[in-house]
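Peer 1: no FASTA, just this:
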């Protein structure tokens, strides 16, 4: 009786039998079952029985490639000369008067775009900076409910692009 119902409903037949077969075939071909190794370094400052137990438990995890060493071995400081060389190579292409927001020139449209997708931690200082630079013309209450923030974000869309160059007058 149940098989006769499947023959009448082709959608149920597809999603009941063929769709799972397609999924199994895809996962088999793409080899999602195998996982690579994750490297991690451990600095055991305690060096007691509990830390030894923890390290031995981590060593049993097959996908974890573990090394034990000192802090300088496991987390080396960056090469200061390489950082200075990279800065000297990049500095001539940068304008000292241009502010950047996530690597792009700071514009009102860019600030709005970042505010839409920024995390809560990033949103507050960005909204405060926008409020100050726009002369209190662009105010986003980052502590308000989401629909209030969205309405405020839509409201700053109407501001002209040169609104960011005004000084804050303390309205």
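Peer 2: Perfect, I can see it now. Because the structure is a prediction, the values reported are computed rather than measured.

Peer 1: which SS class is residue 39?
Peer 2: Secondary structure, DSSP: H, G, I helix; E, B strand; the rest coil: residue 39 is strand.

Peer 1: pLDDT wise, what is the residue nearest to it when sequence neighbours are not counted at?
Peer 2: Of all residues not flanking residue 39 in the chain, residue 65 sits nearest, at 4.6 Å (C-beta to C-beta, 6 or more residues apart in numbering). From N, CA and C alone the C-beta is placed, and that goes for glycine too. For residue 65, the pLDDT comes out at 87.

Peer 1: now do residue 50
Peer 2: On the pLDDT scale, residue 50 gets 92.

Peer 1: so what's it up against?
Peer 2: With C-beta atoms under 8 Å, 6 or more residues apart in numbering as the criterion, no residue contacts residue 50.

Peer 1: separation between it and residue 43?
Peer 2: To residue 43, residue 50 is 15 Å away according to C-beta to C-beta, to the nearest Å.

Peer 1: just residue 22 next, same as before
Peer 2: Noted for residue 22: a distance of 47 Å to residue 43, by C-beta to C-beta.

Peer 1: with residue 65 instead?
Peer 2: Distance of residue 65 to residue 43, computed by C-beta to C-beta: 16 Å.

Peer 1: sorry, back to before: quick one: which of residue 22 and residue 43 has more around it?
Peer 2: Taking other C-beta atoms under 10 Å, residue 22 and residue 43 do not tie; residue 43 has more neighbours (13 against 10).
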